[in-house]
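kindly return the folded structure for what I paste below:
(2 chains)
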Amino acid sequence: DTGVSQDPRHKITKRGQNVTFRCDPISEHNRLYWYRQTLGQGPEFLTYFQNEAQLEKSRLLSDRFSAERPKGSFSTLEIQRTEQGDSAMYLCASSTAGDRTSSYEQYFGPGTRLTVT
Amino acid sequence: KQEVTQIPAALSVPEGENLVLNCSFTDSAIYNLQWFRQDPGKGLTSLLLIQSSQREQTSGRLNASLDKSSGRSTLYIAASQPGDSATYLCAVKDQAGTALIFGKGTTLSVSS
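Next up, the predicted model:
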């Protein structure tokens, strides 16, 4: 399977703990995006990388959130000192970019469901 | 600031019916528009992508149209089946932006 994969699929943690999620994009895709989705809402953009460079961060990404893509392949999203309001589905997507023929079509992974108790 | 609205929020139809889902956006300066399907508790599956220069795209029983000047897109589903039951999300990529901006979705239920 060459789609976007995410790990873990589910995470339950206690308030105040740190959590880290991983995303593996489609191998030839140089752009990687993180979104957050709460119940009954559409996904909201958090941040994106082009290769290893983090080029844009949403105001939703508080200083407790940090994302990395160290070698331009997989990415991690860490949440420090989790709060109950962080409970959501965290979605990763990838796309191509950078040439005239790119459609920028985003392909999404299955998501990581975070529950903070 | 771009805003995406989807109407209706929920829709129930009997099997076999043709149906239309609506999506509207406030800023016509878009690069493309994507329709996604999301099953409960799952990720998003891309259904159709329409570039800003295109008027429609088709895949099987699905047809998506785009009227950029009026800020509207429709997703037409022909001969609906119970397996089509899911939430359908519309998202736009602005010309100036990178991220997709999503509507809240339309939850479709097809009864047999």
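
how about the residues of chain B near chain A?
Residues of chain B lying close to chain A (CB under 8 Å from any CB of the partner chain) are B:4, B:31-32, B:34, B:36, B:41-46, B:49, B:51, B:89, B:91, B:93, B:98-105. Quick note: C-beta positions are derived from backbone N, CA and C, even for glycine.

report the contact partners of the nearest residue to A:K11 once chain neighbours are set aside.
Nearest non-adjacent residue to A:K11, counting by CB to CB, 6 or more residues apart in numbering or on different chains: A:L114, 5.1 Å away. The contact partners of A:L114, taken as CB atoms under 8 Å, 6 or more residues apart in numbering or on different chains, are A:K11, A:T13, A:V19, A:F21, A:I79, A:T82, A:D86, A:S87, A:A88, A:M89, A:Y90.

what about the residue of chain B found nearest chain A, neighbour count?
The minimum distance from chain B to chain A, using CB to the nearest CB, falls at B:F102 (3.0 Å). B:F102 has 23 neighbouring residues, counting by other CB atoms under 10 Å in any protein chain shown.

what about the one helix or strand the residue nearest to A:K11 maps to, average pLDDT?
For A:L114, the element it lies in under DSSP states H and E is strand A:112-116. Confidence over strand A:112-116 (mean pLDDT, whole number) is 98.

identify the residues contacting residue 16.
In the absence of a named chain, this looks at chain A. Counting by CB under 8 Å, 6+ apart, A:G16 has contacts A:R81, A:T82.

chain B, not that one
Contacts of B:G16 (CB under 8 Å, 6+ apart): B:A79, B:S80.

what's the answer for B:D39, then?
Contacts for B:D39 (CB under 8 Å, 6+ apart) come out as B:A86, B:T87.

need the buried ones from the residues of chain B next to chain A selected in ChimeraX.
Filtering the residues of chain B next to chain A down to the buried ones (16 or more other CB atoms under 10 Å in any protein chain shown) takes a single ChimeraX command:
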select /B:4,31,32,34,36,42,43,44,49,89,91,93,98,99,100,101,102,103,104,105
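
my read: A:R15 touches A:G85, true?
No. Contact criterion CB atoms under 8 Å: A:R15 and A:G85 do not qualify, at 9.9 Å.

which residues do the two both contact?
A:V116.

ok, back up a step: need phi/psi at the residue of chain B closest to chain A.
phi -100, psi 150 (degrees, to the nearest 10).

tell me the bridge partners for it.
Under DSSP bridges, the beta-bridge partners of B:F102 are B:A91.

find the closest residue to chain B in chain A.
Of all residues in chain A, A:G42 sits closest to chain B, at 3.0 Å by CB to the nearest CB.

and that residue, what pLDDT?
96.

with adjacent residues omitted, what lies nearest to B:S65?
Computed as CB to CB, 6+ apart, the closest residue to B:S65 that is not its neighbour in sequence is B:E56, at 4.5 Å.

state the number of residues packed around A:P25.
As a burial measure, A:P25 scores 25 neighbours (other CB under 10 Å).

quick check: A:G72 vs A:Y33, distance?
When CB to CB, to the nearest Å is the yardstick, A:G72 and A:Y33 sit 14 Å from each other.

of the two, who's got more company?
Neighbour totals were compared for A:G72 and A:Y33, and A:Y33 leads with 25 against 14 (other CB under 10 Å).
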